[in-house]
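Novice: just need the structure, nothing else, for what follows:
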Amino acid sequence: MKSQPIVGEYAAKFPRSKALYEKAKGIFPRGVPHDAWFSLPFPIHIAKAKGSHEWDADGYEYIDYFGGHGGLILGHAHPSVVKAVSGQVRKGTQYGACNELAIEWAELIMSLIPSAQRVEFTCSGTEANMLAIRLARAFTGRRKVVKFRGHFGGWADTLYIGLKEPWNIPASSGLLPTVLENTVVIQCNNEEILEDALRARDVSILVVEAAGASSGAIGIAPSFYQVMRDLTSTYGTLLHFDEVVTGFRFSPGGVQAVRGIIPDLTSLGKCITGVIPGAGAVVGRADVMEMLLFKDDQWNRYNRITHEGTFNANPLCAASGIATLKMLATGRPQMKADRMAEALREGIQHSIEEKGVLGCVYGDFSVFHIYFGNCEMRDKCDRKICLNENKGKSVEIGKLLALNLAVNGVHMPAYGVKGFTSAVHTQEDVYKTIKAFDASLNNMIRENILRIKNWDSP
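Specialist: Take a look at the predicted model:
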C-alpha cells in the first residue's frame with residue numbers, strides 16, 4: 001500500500017488493534033483467520049456487536065456494513081436469535097443423532113425457497129457447492145462444470161478458477177490441474193457462448209452466483225435467467241443457483257423467487273442459521289437429491305452419493321435457523337434493509353457527483369457497490385444492475401477507502417467497495433454513514449487518491 005497520511009492516522013488511532021495484529025502474526029500464518037479480513041497496516045479487531053453497530057478493541061464504535069459477510073439481515077445479536085441459541089445450548093449442541101428441530105428447520109426452508117423439494121444440510125456454503133457438484137455429476141453421469149467469470153463459489157477446488165483475470169488461472173496455488181480440467185469458465189449474459197459450452201451434452205452443472213458476480217458487482221440481465229433455464233434444460237445440464245448470500249436476503253425465497261426461475265439445485269448458507277457457524281444446505285429436485293438415498297448393496301456401493309459432517313443439522317443451528325427464518329419469512333426485514341440500502345446509495349452517489357469524482361454507486365437489493373472510474377455504459381445504466389464486466393477497479397483505492405471509513409466510524413470490508421444493510425440499520429445510521437463517506441472522499445481527494453474529472457472528458 002502506498003504511503004498515505006491516512007495510513008499513519010489509522011495506525012495512531014487504533015493501538016490495541018495494532019498490538020493484537022502483531023500478536024496474531026505469530027499465531028495465524030497471515031495474521032488473520034480469513035483472507036477477507038486482511039488489511040494493511042493491520043485490521044480492526046472487533047470486541048462486541050449489537051444491532052447495526054460494532055465496538056472494537058480500542059473502544060471505538062462503528063456502523064457495520066460487513067454484516068457477517070452478508071448474512072446478518074437481522075443485525076448482530078437479535079434478541080429472538082439470542083434467546084433461541086441460549087435456550088438450546090442448555091439442552092445440548094450435538095446429539096450424535098437426529099433431532100426434531102432439524103425437521104422444522106428444513107420445512108421452513110422448503111416453504112420459502114421455490115426449488116427446495118428436498119433439503120440436505122451441510123456446514124457451510126462452500127460445502128453446499130461441493131455437494132451440489134457431486135450430486136450433479138452422479139445424476140447426469142457427466143464430468144464438466146460450467147461457471148461464469150467472477151462468480152464465487154467458496155473455496156471448493158472445482159470452482160476456484162475464473163475469479164480474476166487471467167480467467168484460466170486458478171485463484172490459488174496448490175490446486176491439481178486434473179481437478180480443474182473439467183471446469184469451464186465463460187462470459188456471462190451471452191446466450192451464444194453459453195449454448196456453445198453446453199452443446200456437446202457433457203456438462204453436468206451450470207453454477208451461477210444468483211445475483212451475479214460478488215452479489216451483483218457484475219450483474220445478470222433479467223432476461224438471461226430464462227436463457228439459462230432454457231438452455232440447461234435443452235442440453236440436460238443441471239442449473240444450480242448459489243444463493244449463499246442472496247437466499248432469504250434478496251427476498252424470502254431468494255433471487256429465484258423474484259426472477260421466477262426454478263433451478264434444479266440451490267446452495268444456501270450464512271443467514272440460514274442467522275450466521276451461527278454450521279450454516280449450509282443444498283436444496284433441489286427430489287429426483288436429483290435421491291442420489292443420497294440408501295437402497296440395495298449394489299446401488300449403495302457404486303451409485304450412491306455419500307455425505308457426512310459432524311455438525312450437519314445440529315440442534316443449535318436448527319434453533320437459530322428457525323428463529324431467523326420465521327422472521328425473514330414475513331419479508332418485512334428484507335424490505336427495511338432494501339430501503340436503507342437505497343437511501344445509502346442515493347446519499348453516497350450525491351456526494352460523489354457533488355465533488356466531481358468519477359464513479360457511481362449501484363445495487364438492486366440490500367447491497368451497495370461502489371465503483372471509482374469512468375464507465376462507458378453509464379448512459380445505459382439505471383444504477384441497479386451493472387452489466388459492464390470490463391470496467392476496471394482499483395484495489396488500492398478500495399483499501400484506502402476502507403481505512404478512511406474506519407477512522408470515521410464505519411466498518412466496511414477491507415477492500416471498501418461493497419457493503420450490506422440490515423433490517424436494524426436506521427435513518428440516523430444512514431445519515432452518519434453518508435457524512436463519513438463525504439469526509440472520506442474529501443480526504444481522498446486531498447491526498448490525490450481520487451480523480452476529479454468531468455464525465456465527458458476523454
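Novice: going forward, measure contacts between C-alpha atoms and count neighbours the same way
Specialist: OK.
Novice: give me the neighbour count for V430.
Specialist: Taking other Cα atoms under 10 Å as the neighbour definition, V430 ends up with a count of 21.
Novice: P177 too?
Specialist: P177 is flanked by 9 other residues according to other Cα under 10 Å.
Novice: quick one, domains of the protein?
Specialist: As given by automatic domain parsing, the domain ranges for the chain are 5-75+332-446, 79-328.
Novice: can you tell me which of those is nearest to I452?
Specialist: When these are compared by Cα to Cα, domain 5-75+332-446 sits nearest I452, at 4.6 Å.
Novice: what's the mean pLDDT across that closest one?
Specialist: Here domain 5-75+332-446 scores 95 as its mean pLDDT.
Novice: for the residue nearest to the spatial centre of the chain, helix, strand, or coil?
Specialist: Within the chain, one residue has its C-alpha closest to the average C-alpha position: by Cα atoms, centre = their mean, that is V245, at 4.1 Å. Using DSSP: H, G, I helix; E, B strand; the rest coil as the criterion, the local structure at V245 reads coil.
Novice: pLDDT wise, what is it at?
Specialist: We have a pLDDT of 96 for V245.
Novice: residues near R199, how many?
Specialist: 15.
Novice: same check on I445?
Specialist: By the other Cα under 10 Å criterion, the neighbourhood of I445 contains 15 residues.
Novice: I'd assumed N404 was in contact with it.
Specialist: No - with contact taken as Cα atoms under 8 Å, I445 and N404 are classed as non-touching, separated by 11.7 Å.
Novice: reformat the domains of the chain as a markdown table; add distance to I452.
Specialist: Converted to a markdown table, the domains of the chain look like this (distance: least, Cα to Cα, whole Å):
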| stretch | distance to I452 |
| --- | --- |
| domain 5-75+332-446 | 5 |
| domain 79-328 | 23 |
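Novice: regarding the chain, what is its longest helix?
Specialist: Among all segments of the chain classified by DSSP state H, the helix with the greatest residue count is helix 332-355.
Novice: now do that one: which elements does it pack against?
Specialist: Under the contact criterion of 3 or more Cα pairs under 8 Å, 6 or more residues apart in numbering; DSSP states H and E, helix 332-355 touches strand 359-362, strand 367-372, helix 427-446.
Novice: just checking, the residue nearest to the centre of the chain touches G274?
Specialist: No - under the contact definition of Cα under 8 Å, V245 does not touch G274, with a separation of 11.7 Å.
Novice: what's the overlap in contacts for these two?
Specialist: G71 (Cα atoms under 8 Å, 6 or more residues apart in numbering).
Novice: what residues sit buried inside whichever strand or helix holds V85?
Specialist: Under DSSP states H and E, the secondary-structure element containing V85 is helix 79-91. For helix 79-91, the buried set under the neighbour-count rule, 16 or more other Cα atoms under 10 Å, comprises 81, 84-85, 88.
Novice: give the contact list for the nearest residue to D64 once chain neighbours are set aside.
Specialist: The spatial neighbour of D64 that comes closest, neighbours along the chain excluded (Cα to Cα, 6 or more residues apart in numbering), is H411 at 4.8 Å. H411 makes contact with 62-66, 402, 405, according to Cα under 8 Å, 6+ apart.
Novice: go through these and flag which are in strands.
Specialist: In this view, the contacts of H411 that belong to strands under DSSP state E are 62-64.
Novice: quick check on the residues you listed: which are buried?
Specialist: Those of the ones in strands among the contacts of H411 that meet the buried threshold are 62-64, by 16+ other Cα under 10 Å.
Novice: and those as CSV, adding distance to F139?
Specialist: Formatted as CSV, the entries for these read as follows, by distance: Cα to Cα, whole Å:
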residue, distance to F139
Y62, 48
I63, 46
D64, 42
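Novice: kindly indicate which of the ones in strands among the contacts of H411 lies nearest E389.
Specialist: Comparing the ones in strands among the contacts of H411 against E389 with Cα to Cα places D64 closest, at 27.8 Å.
Novice: got a list of what that closest one touches?
Specialist: By Cα under 8 Å, 6+ apart, the contact list for D64 reads 52-54, 410-412.
Novice: got the contacts of H411 as JSON lines, with distance to E100 columns?
Specialist: Formatted as JSON lines, the entries for the contacts of H411 read as follows, by distance: Cα to Cα, whole Å:
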{"residue": "Y62", "distance to E100": "39"}
{"residue": "I63", "distance to E100": "38"}
{"residue": "D64", "distance to E100": "35"}
{"residue": "Y65", "distance to E100": "35"}
{"residue": "F66", "distance to E100": "33"}
{"residue": "A402", "distance to E100": "44"}
{"residue": "L405", "distance to E100": "45"}
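Novice: what about the strands in the protein?
Specialist: Assignment of strands within the chain using DSSP E yields the ranges 46-50, 53-56, 61-64, 118-122, 144-148, 183-186, 203-209, 238-242, 265-269, 280-284, 359-362, 367-372, 410-411, 418-420.
Novice: F14: which of these is closest?
Specialist: strand 53-56 (8.9 Å).
Novice: partner strands of that closest one, with direction?
Specialist: Within its sheet, and counting by DSSP bridges, strand 53-56 is paired with strand 46-50 (antiparallel), strand 61-64 (antiparallel).
Novice: rebuild these as CSV, extending it with distance to S251.
Specialist: Below are those laid out as CSV (distance: least, Cα to Cα, whole Å):
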stretch, distance to S251
strand 46-50, 23
strand 61-64, 21
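Novice: nearest to Y21, of these?
Specialist: With distances scored as Cα to Cα, the stretch of those nearest to Y21 is strand 46-50 (11.9 Å).
Novice: what separates the closest one from the chain centre, distance-wise?
Specialist: Strand 46-50 sits 21 Å away from the centroid of its parent chain (Cα atoms, centre = their mean, to the nearest Å).
Novice: same check, this time on stretch 263-274
Specialist: From the chain centre to the centre of stretch 263-274 is a distance of 11 Å (Cα atoms, centre = their mean).
Novice: hang on, the earlier thing: for the residue nearest to D64, give its distance to E61.
Specialist: Distance of H411 to E61, computed by Cα to Cα, to the nearest Å: 9 Å.
Novice: repeat that for Q256.
Specialist: When distance is defined by Cα to Cα, Q256 is 37 Å away from E61.
Novice: next one: C381
Specialist: Between C381 and E61 the distance, using Cα to Cα, works out to 36 Å.
Novice: which of these two has more neighbours?
Specialist: For C381 against E61, the residue with the higher neighbour count under other Cα under 10 Å is E61, and the figures read 19 against 14.
Novice: my read: that one touches S52, true?
Specialist: No - the pair E61 and S52 fails to qualify as a contact (Cα under 8 Å) at a distance of 10.5 Å.
Novice: coming back round to it: of the strands of the chain, which is nearest S351?
Specialist: Among the strands of the chain, strand 359-362 comes nearest to S351, with 10.0 Å by Cα to Cα.
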